[in-house]
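Student: Quick check, what structure comes out for this input:
(chains A and B)
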Amino acid sequence: MTELSCPLARSMVSDYIDGDLPAGQARSLEEHLQTCPFCPPLYASLVETLAELKALDDVGGVDQLVRRVLAALAEPPGPDDPQPRRA
Amino acid sequence: MDDLSDLDLVEAAKAGDTTSFGELVRRHGPRLLALARQLVGPDTAEDVIQEAMVDAYRSLAGFAGHAAVGTWLYRIALNRCLQERRRRKPLMVETEPLELLARWEDPDYSVDPALVAARRSHAETLQSVLAQLPDGYRNALLLHDGQGLTAVELAEATGIPLGTAKSNIRRSRLALFTLLGQDDRGLLEEAR
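Tutor: Residues are numbered from 1 along each chain as shown, chains lettered A, B, ... in the order given. Predicted coordinates for the structure are as follows:
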């Protein structure tokens, strides 16, 4: 199997993370990540960075949102739809 | 209400049952709020999502079930967030993404993983870097990597072709990683 260059390997990493890379290309990339002295730490860092984005999903406050939405729905819409921003 | 599907709740809400609609907001609200906090900021997010949910309730009749209920709500929420962002003066000039991506065509180009780690662990720094990206890239990162939408769902929620959604996923990841890895001492100090 032909060895991948670093730029080509890096261009394949995103699809690999999502499991969208064809099996042959995935094997080539895995070989590259086992032998390249430069790409493995970058790959690991990218995976960790994307995992960090999931932490941004951690919010509370939904009970207040539900109350506000239901109160807003109880208000009749005006001719210019003057929906109050705060219920 | 836990045993009712989203579609059951939509049908009940179409018939005027606002309690069922409230349950939909309860189910999907946290993720919509999280998205809005990144797109319009924490101070405005709840206002924007409240307005989006009122929009959704008023357009229930037009919901035909072609997309999942959650995806449909994402689309409405994104539209409201976009309106809010346009209403404001731009806070930052967006980074030219192609210039960032082209750097990786050089086999010798790299970034320092330790620098990336230091900056991404600081939520405000991560958010400021996200804010520099074009809307399509930011949506891809927040919805696909942050909230777990598939590429198909991302395309439906943002109203773009599937091929563009997939391209945005690939490019946005590399752009974020590159920006985080830039040797910017000011931002590094900020991350400490």
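
Student: ok, and the closest non-adjacent residue to residue A:40?
Tutor: Ranked by C-beta to C-beta, 6 or more residues apart in numbering or on different chains and with sequence neighbours excluded, the top spatial neighbour of residue A:40 is residue A:33, at 5.3 Å. Yep, even glycine has a C-beta here, placed from its N, CA and C like the rest.

Student: Kindly tell me how buried the nearest residue to residue B:143 once chain neighbours are set aside is, as a neighbour count.
Tutor: Leaving aside its chain neighbours, residue B:143 sits nearest to residue B:149 (4.6 Å; criterion: C-beta to C-beta, 6+ apart). Other residues near residue B:149 number 24, with proximity taken as other C-beta atoms under 10 Å in any protein chain shown.

Student: now swap in residue B:61 and tell me
Tutor: With other C-beta under 10 Å as criterion, residue B:61 counts 7.

Student: is it true that it touches residue B:14?
Tutor: Yes: look at residue B:61 against residue B:14 with C-beta atoms under 8 Å: they come within range, at 6.5 Å.

Student: Please, where are all the helices along chain B?
Tutor: Using DSSP state H, the helices of chain B run over B:6-14, B:18-40, B:42-58, B:69-87, B:97-102, B:113-120, B:123-131, B:135-139, B:151-158, B:162-181, B:185-191.

Student: who wins for proximity to residue A:13 among the ones you listed?
Tutor: helix B:162-181 (8.1 Å; C-beta to C-beta).

Student: Please spell out which residues along that closest one are buried.
Tutor: B:165-181 (16 or more other C-beta atoms under 10 Å in any protein chain shown).

Student: That one near chain A at all?
Tutor: Yes: using C-beta under 8 Å from any C-beta of the partner chain, helix B:162-181 reaches chain A at B:169, B:170, B:173, B:174, B:176, B:177, B:180.

Student: Now do the same contact list for the fifth one.
Tutor: This points to residue B:176. Contact partners of residue B:176, counting by C-beta atoms under 8 Å, 6 or more residues apart in numbering or on different chains, are A:49, B:129, B:130, B:133, B:137, B:141.

Student: Please apply the same query to the first one.
Tutor: Contacts for residue B:169 (C-beta under 8 Å, 6+ apart) come out as A:14, A:18, B:140, B:144, B:145, B:151, B:154.

Student: how near is residue B:57 to residue B:15?
Tutor: 12 Å (C-beta to C-beta, to the nearest Å).

Student: which of the two has more neighbours?
Tutor: Set side by side, residue B:57 and residue B:15 show more neighbours around residue B:57, with 20 against 9, by other C-beta under 10 Å.

Student: surely that one meets residue B:20?
Tutor: No: Residue B:57 lies out of contact with residue B:20 (C-beta under 8 Å); the separation is 10.5 Å.

Student: got a list of what the residue nearest to residue A:40 touches?
Tutor: Residues in contact with residue A:33 (C-beta under 8 Å, 6+ apart) are A:9, A:39, A:40, A:43.

Student: does residue A:19 sit in a helix or strand, and which one?
Tutor: Following DSSP states H and E, one finds residue A:19 outside all helices and strands.

Student: who's in contact with the longest helix along chain A?
Tutor: Counting by DSSP H, the longest helix found in chain A is helix A:39-55. Outside helix A:39-55, the residues within contact range by C-beta under 8 Å, 6+ apart are A:6, A:9-10, A:13, A:17, A:32-34, B:110-111, B:113, B:116-117, B:120-121, B:123, B:126, B:141-142, B:145-146, B:148, B:173, B:176-177, B:180.

Student: List buried residues within those.
Tutor: Among the contacts of helix A:39-55, the ones that count as buried by 16+ other C-beta under 10 Å are A:6, A:9-10, A:13, A:17, A:32-33, B:110-111, B:113, B:116-117, B:120, B:126, B:141-142, B:145-146, B:173, B:176-177, B:180.

Student: So residue A:64 sits against residue B:47, correct?
Tutor: No: counting by C-beta under 8 Å, residue A:64 does not reach residue B:47; the two are 11.7 Å apart.
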